[in-house]
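Undergrad: Give me a model of this one.
(chains A and B)
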Number of protein chains: 2
Amino acid sequence: MATQRRLANAIRALAMDAVEAANSGHPGMPMGMADAATALFTRHLKYDAAYPHWPDRDRFILSAGHGSMLIYALLHLTGYERPTMDDIRNFRKISSPCAGHPENFMMAGVETTTGPLGQGLASAVGMAIAERHLNAIYGDELVDHRTYVVAGDGCLMEGVNHEAVGLAGHLKLGRLIVLWDDNKITIDGSTDLSRKEDVVARHEAMGWHTVECDGMDSAKVSKAIEEAIADERPSLIRCRTIIGYGAPNKQGTAATHGAALGADEVAAARKELGWDMPPFEIPDDVSQAWRDAGSRGAKARADWYKRVENSARGSELLDRLAGKIDNSWLQPYIDELLASPAKVATRKASEMALEKINAALPQTIGGSADLTGSNNTKTKALVPLTAGNYGGRYIYYGIREFGMAAAMNGMAQHGGVLPYGGTFLVFSDYSRPAIRLGALMGAKVVHVMTHDSIGLGEDGPTHQPIEHLQSLRAMPGLTVFRPADAVETAECWAAALAHAGPSLLALSRQNLPQLRREAASTNLCAHGAYRLRAAGKARKVILIATGSEVEIALDVAQGLEENGIGADVVSMPSTDLFDQQPDTYREDILPDVSNREILRVSIEAGTTIGWERYTGLHGLRIGIDRFGASAPATDLYDHFGLTAPKILSRVLDYLKVREIA
Amino acid sequence: MATQRRLANAIRALAMDAVEAANSGHPGMPMGMADAATALFTRHLKYDAAYPHWPDRDRFILSAGHGSMLIYALLHLTGYERPTMDDIRNFRKISSPCAGHPENFMMAGVETTTGPLGQGLASAVGMAIAERHLNAIYGDELVDHRTYVVAGDGCLMEGVNHEAVGLAGHLKLGRLIVLWDDNKITIDGSTDLSRKEDVVARHEAMGWHTVECDGMDSAKVSKAIEEAIADERPSLIRCRTIIGYGAPNKQGTAATHGAALGADEVAAARKELGWDMPPFEIPDDVSQAWRDAGSRGAKARADWYKRVENSARGSELLDRLAGKIDNSWLQPYIDELLASPAKVATRKASEMALEKINAALPQTIGGSADLTGSNNTKTKALVPLTAGNYGGRYIYYGIREFGMAAAMNGMAQHGGVLPYGGTFLVFSDYSRPAIRLGALMGAKVVHVMTHDSIGLGEDGPTHQPIEHLQSLRAMPGLTVFRPADAVETAECWAAALAHAGPSLLALSRQNLPQLRREAASTNLCAHGAYRLRAAGKARKVILIATGSEVEIALDVAQGLEENGIGADVVSMPSTDLFDQQPDTYREDILPDVSNREILRVSIEAGTTIGWERYTGLHGLRIGIDRFGASAPATDLYDHFGLTAPKILSRVLDYLKVREIA
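TA: Below is the predicted model of the structure:
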């Protein structure tokens, strides 16, 4: 029977060989952590390689994603369908699912995309929350698994680590176990170059259990994992390792971190490790032992499905895990709004919609980064999710925007829950790295971003978004919504829930009248933009506005009509969705700009950059191309020229100039 | 003589009254920390209110910027020119420099803009670095001051705190003293809602000295400050306080955090505090005592100026503090490049330029967030700045992108140094909040962002910027540069150095040929865009490209000319600067788009959103509107259609369709 070390050496060999073939990649980390990973995958991790989507599997997160060959080797050796050995041979080539960093959409077994440091661990916190939450609802029989993370020094130095560790300690997520690859090396060299920290003491200060071991002795790692499992706090296992272990001339140095070792060093490492197989070949005894490990969980998996079948709530759980959404709350609620219109801020309108949503969809988990009363994210019936009550559905994330967004990604990827979380739109800058990773992964989360313009008033330019809407719209995979009133807010929420990937709602602090007073046959916001008002007189102007500026656009249109100029108003809550509409729809809403007879005007209380896409170069773009200021909202709208009279006068002047020209 | 408590009550009264008048703001924090601030400003802080720009003053940073009335009260009472009492009366109105959060550009004495939580403290780390660095060069006689910070729980929970505290601990910044307003309250309620952390133990684990005191007993705060001064490590003073202290019915609750107390509670607080003055009035004894405190430093200030005058290096120091830049390195270096062209990645070209810059400008301090060898930020002569050698000029920031950018802001605001720091462009998302704050403040820093497109290759979509260039260009106050070759890189560096605010250089990983072979009479990149190649045949197409895509555009132009179609190539290293050029210049480079005879085509390996500004709606935008992939760079350029033959074919097809239409 193959020793644990020999199993680990199979990982080392594949890591060296794949990086060598690609002439690019990171061999050092997989080689250092091979023994620890072997301990985890052959003895502790609950999984069945033949059924990678088994919901009650333990989750394994390679937070130090650059060491991707570690997980590719593990998945291959334990018998997952992918990667095949050919996939590994083609590591980092476009034809292979073995991307430079592990991508959750490339193969099963990669639970979350990692690479941007710190985020794997921070997402794992979300997975551990989702597990405890579902356990509280469905019990140990149906939900009973752990979340394991391999993290490097980078993951521990990034700021988001503080937020993730703090949140996990606070929520006492005892089923979260982090194996720290303590190899004392970063890209620039020794960790002494940039860090003077007692990492263990810091985790203890944050409410974590800690344990140390020789990370290259799998038996000792096993013992540490057992100790971690036994403790009720989240655990940090300090695995003392040597980066690039086995490469006799380079191990222990940054030279093994991010580059191929070179043919000579690979040959020397083979000798050092006693590994005499050619590249990409695994001896039968090793192969068999790994496959046995990969099917260790088969019985547990089969038993679990039996329990689900026999459970009264089994099919409910499976439906939740499948992510089914019921949007039947929408129409009756819109009928209510049409019957008694609401003049409220869209952040309040969001809360009103959430009252319906949270009642209809038990899978939602709300929260806010310490702005609950401002983001209006907590509906009345929601009870806090705490260390004492994991069944709660509202998380006080604390002042941790990035940690919140990353945890939301992890919850979504765990499945069975649908997270939404709030902060101010300007602080999307803080959570942006997680918003992006969620967009790349298609994680279904809703970012509730209130105080979406200078309309927040006195807090001033540090709190006033200017470039945020456009810079978020430019992010692939994210759908941004900026509704104009209570009806649009409901429609945008429904569109966000119906949509597969992440969404972001930009909501006003200030009150807005209900502009939509008539029933529509479809969710108008789901088209991205629609004609809210058709020109009375011959159409000469199309005013395109979003959110709080739609009300202003309607007033401008009124003024234009009084001057004999027909004006449409197009409400455009989502440029992303509008861009995806068929040509015929888009051309109906915005007729070809080459028709210089019609002036298009965009109105949004933010940067004008990018609005040329909808106005054309000869259109007019009303916005704010500088930072904001501190004053009451109405004063600011006036100061920045965003009132109906000022805009009307600009449009009339522009039309005059065009006539002359 | 007024007691310390009475002096503190003047702060409390002004905070209550100003928030009441504005009916908006945050009275709780100033009321809780009034005694601690009084201790600091009357006994320890080295400053002279009459000379707020005295370079050797201690720095005071209100990291919990929402408590802005604390600093406004302090500056007013100690006798700074602004704010006047009228300014305070108009707190949070557009006419007043007393903005909702303290803005460094609104009044002297506000050392840095604060509000986005965590960043004041993180910038203070940079100020403390600058002080030690200049001290190492100019000695105790000329540079000898401290940096004090008031931080709340938000500042301590944000992720950037981990990076800032880690950096300060590592660099042993003993002159950095943080007063933590430990009031156990956040917006959502008790800190217990979201935190279970031994904050003091965490700081000790990070190499900090800590001390605790009753934060509402100014004598005890003084003693703690003395202890902090005596310790050679950075210090955290835990000031136990009661938020909103003095408001008898609301103190100690989140109700005092972010809203006016209301007339009744203000009246009750006046009684409780024994403060019988009308709003905005200060009794003479209190006023006098505060003014005496504000002029305590007058002699030290006068002595310092004398020492500067008498020092051989005094005028050199003053020049550095004035931020004078010598760009005479540029022309001889460009001559070198023209004489022997370099085919290098622009990240390497940046290193080559930095060799000249760092030799010419002793004020530069370089660094990288653990990507030194990839960002090419360390030139040969630079010695590391460490706890043992503050005179060094290169900082190993560790894996702390946000902390690095915030520290750079602080260094720039301290003055006397010019910081630049590197990471990958995609990780501008991590440092984005500090990039924005620097842009708002006009902090002169240079962000060196390498690996600026899919051209980085195998690391895949998590590492490949798509939306980043456009989303950074949309940020007011930031100038983004993306040079195409070694000459442009030098010109962009020179433009960045000449420029008052922050700049960001986007640089390639891959090698690029030197496209500029002829001498120019000006810095062409300083115009933002220029005609690199004029059409040979009658101009039918203008190709607009940036960075690594300019080479491709030249090949496309060549192909068009071979097809009988005249084509300009416009290199556009900075859209920001181009937009600022006079109309005549812009119209020369990009003739009116309404002339449909000329097709404009943009080529950039990133999102096409926003390029309509330069191509018009009927132009063609070549880019990438999805996430990238993992493969060698040349394969990716082909995969995403960004090769000269593929673009040429698209342009030719488009011209054909237009002819038919």
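Undergrad: CA atoms for contacts and neighbours, from now on please.
TA: Noted.
Undergrad: Now find how far off-centre stretch A:110-128 is within its chain.
TA: Offset of stretch A:110-128 from its chain centre (Cα atoms, centre = their mean, to the nearest Å): 10 Å.
Undergrad: again but with stretch A:429-439, I slipped
TA: 6 Å.
Undergrad: That one near chain B at all?
TA: Yes: counting by Cα under 8 Å from any Cα of the partner chain, chain B is contacted by stretch A:429-439 at A:Asp429, A:Tyr430, A:Arg432, A:Pro433, A:Leu437.
Undergrad: Would you mind writing the CA trace of that stretch as PDB?
TA: What follows is stretch A:429-439, C-alpha atoms only, in PDB (Å, rounded to 0.1, in the frame of the first residue of the first chain):
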ATOM      1  CA  ASP A 429     -15.500  50.600  -3.900                       C
ATOM      2  CA  TYR A 430     -14.800  48.800  -0.700                       C
ATOM      3  CA  SER A 431     -16.600  45.600  -1.800                       C
ATOM      4  CA  ARG A 432     -15.800  45.900  -5.400                       C
ATOM      5  CA  PRO A 433     -13.300  43.000  -5.600                       C
ATOM      6  CA  ALA A 434     -16.000  40.700  -4.300                       C
ATOM      7  CA  ILE A 435     -18.600  42.200  -6.500                       C
ATOM      8  CA  ARG A 436     -16.300  41.400  -9.500                       C
ATOM      9  CA  LEU A 437     -15.500  37.900  -8.400                       C
ATOM     10  CA  GLY A 438     -19.200  37.200  -7.900                       C
ATOM     11  CA  ALA A 439     -19.900  38.500 -11.400                       C
END
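Undergrad: Now do that stretch: everything it contacts.
TA: A:113, A:119, A:401-406, A:409, A:444-445, A:468, A:475-478, A:501-502, B:427, B:429-430, B:432-433, B:462 (Cα atoms under 8 Å, 6 or more residues apart in numbering or on different chains).
Undergrad: average pLDDT for it?
TA: Mean pLDDT, computed over stretch A:429-439, is 98.
Undergrad: same check, this time on stretch A:285-304
TA: pLDDT averaged over stretch A:285-304 gives 98.
Undergrad: from the chain's centre, how far out does that stretch sit?
TA: Taking mean C-alpha positions (Cα atoms, centre = their mean), stretch A:285-304 and its chain are 32 Å apart.
Undergrad: roughly how far out does stretch A:634-648 sit from the chain middle?
TA: 36 Å.
Undergrad: still on that earlier bit, for the residues of stretch A:429-439 next to chain B, which one is nearest A:Pro30?
TA: Closest approach to A:Pro30 among the residues of stretch A:429-439 next to chain B (Cα to Cα): A:Leu437, at 23.1 Å.
Undergrad: So which of the contacts of stretch A:429-439 are in helices?
TA: Among these, DSSP state H puts A:119, A:401-406, A:409, A:468, B:429-430, B:432-433 in helices.
Undergrad: hmm, which two among those are most spread apart?
TA: Across the ones in helices among the contacts of stretch A:429-439 (Cα to Cα), the longest gap, 21.8 Å, separates A:Gln119 and A:His468.
Undergrad: Quick check on those two: which one has the bigger neighbour count.
TA: A:Gln119 (32 against 24; other Cα atoms under 10 Å in any protein chain shown).
Undergrad: my read: that one touches A:Val160, true?
TA: Yes: the criterion here is Cα atoms under 8 Å, and A:Gln119 meets it with A:Val160 at 7.2 Å.
Undergrad: one step back: weed out the non-buried ones from the residues of stretch A:429-439 next to chain B.
TA: Taking 16 or more other Cα atoms under 10 Å in any protein chain shown as the criterion, what is buried in the residues of stretch A:429-439 next to chain B is A:Asp429, A:Tyr430, A:Arg432, A:Pro433, A:Leu437.
Undergrad: Pipe the residues you listed into CSV and attach distance to A:Arg313 per row.
TA: Formatted as CSV, those follow (distance: Cα to Cα, whole Å):
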residue, distance to A:Arg313
A:Asp429, 41
A:Tyr430, 39
A:Arg432, 37
A:Pro433, 37
A:Leu437, 33
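Undergrad: So which of the residues you listed is the closest to A:Val150?
TA: A:Leu437 (18.4 Å).
Undergrad: Let's verify the closest one: helix, strand, or coil?
TA: Here A:Leu437 is recorded as helix under DSSP: H, G, I helix; E, B strand; the rest coil.
Undergrad: is chain B contacted by the helix or strand bottoming out on mean pLDDT in chain A?
TA: Across the helices and strands of chain A, mean pLDDT, DSSP states H and E gives its lowest value to helix A:644-660, namely a mean of 90. No: Helix A:644-660 does not reach chain B (Cα under 8 Å from any Cα); its nearest approach is 12.9 Å.
Undergrad: what's next to stretch A:180-200, contact-wise?
TA: With Cα under 8 Å, 6+ apart as the test, stretch A:180-200 has contacts from A:29, A:32-33, A:150-154, A:210, A:215, A:236-243, A:252-254, A:257-258, B:166-167, B:169-170, B:205-207, B:370-373, B:396-398.
Undergrad: tell me which element the residue in the stretch 551-661 of chain A that chain B sits nearest to falls in.
TA: As assessed by Cα to the nearest Cα, chain B sits closest to A:Gly610 within the stretch 551-661 of chain A, at 3.9 Å. Using DSSP states H and E, A:Gly610 maps to neither a helix nor a strand.
Undergrad: A:Ala557 contacts A:Asn563, correct?
TA: No: counting by Cα under 8 Å, A:Ala557 sits too far from A:Asn563 to count as a contact (9.7 Å).
Undergrad: Please identify which of those two sits among more neighbours.
TA: Shown here are A:Ala557 and A:Asn563; by other Cα under 10 Å, A:Ala557 has more neighbours (25 against 10).
Undergrad: got the contact list for the more buried one?
TA: A:Leu543, A:Gly566, A:Ala567, A:Asp568, A:Val569.
Undergrad: Those residues in strands, which ones?
TA: A:Leu543, A:Gly566, A:Ala567, A:Asp568, A:Val569 (DSSP state E).
Undergrad: and which of the residues you listed is nearest to A:Trp493?
TA: A:Val569 (22.3 Å).
Undergrad: and that closest one, how many residues sit next to it?
TA: For A:Val569, using other Cα under 10 Å, the count is 28.
Undergrad: does it have beta-bridge partners, and which?
TA: Bridge pairing for A:Val569 (DSSP bridges) gives the partners A:Arg533, A:Leu543.
Undergrad: Could you list the low-pLDDT ranges of chain A?
TA: Scanning chain A for pLDDT under 70 picks out the ranges A:1, A:593-595, A:659-661.
Undergrad: Outline the domain layout of it.
TA: Chain A is divided into the following domains under the TED database: A:4-118+A:145-301, A:329-513, A:525-658.
Undergrad: Output those domains in TSV; the columns should cover distance to B:Gln510.
TA: Output for the domains of chain A, formatted as TSV (distance: least, Cα to Cα, whole Å):
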stretch	distance to B:Gln510
domain A:4-118+A:145-301	14
domain A:329-513	24
domain A:525-658	29
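Undergrad: Give me whichever of those is most buried.
TA: Ranked by mean neighbour count under mean count of other Cα atoms under 10 Å in any protein chain shown, the domains of chain A are led by domain A:329-513, which reaches a mean of 24.
Undergrad: Off-centre distance for that domain?
TA: Centroid separation for domain A:329-513 versus its chain: 13 Å, with Cα atoms, centre = their mean.
Undergrad: Can you give me the end-to-end span of that domain?
TA: 22 Å (Cα to Cα, to the nearest Å).
Undergrad: can you pull the contacts of the residue of the stretch 551-661 of chain A closest to chain B?
TA: Per Cα under 8 Å, 6+ apart, neighbours of A:Gly610: A:Gln470, B:Ile609, B:Gly610, B:Trp611, B:Glu612, B:Arg613.
Undergrad: any idea how far the residue nearest the centre of chain A is from chain B?
TA: Taking Cα atoms, centre = their mean, the centroid of chain A lies closest to A:Gly438, which sits 2.5 Å from it. Taking Cα to the nearest Cα, to the nearest Å as the measure, A:Gly438 falls 11 Å from chain B.
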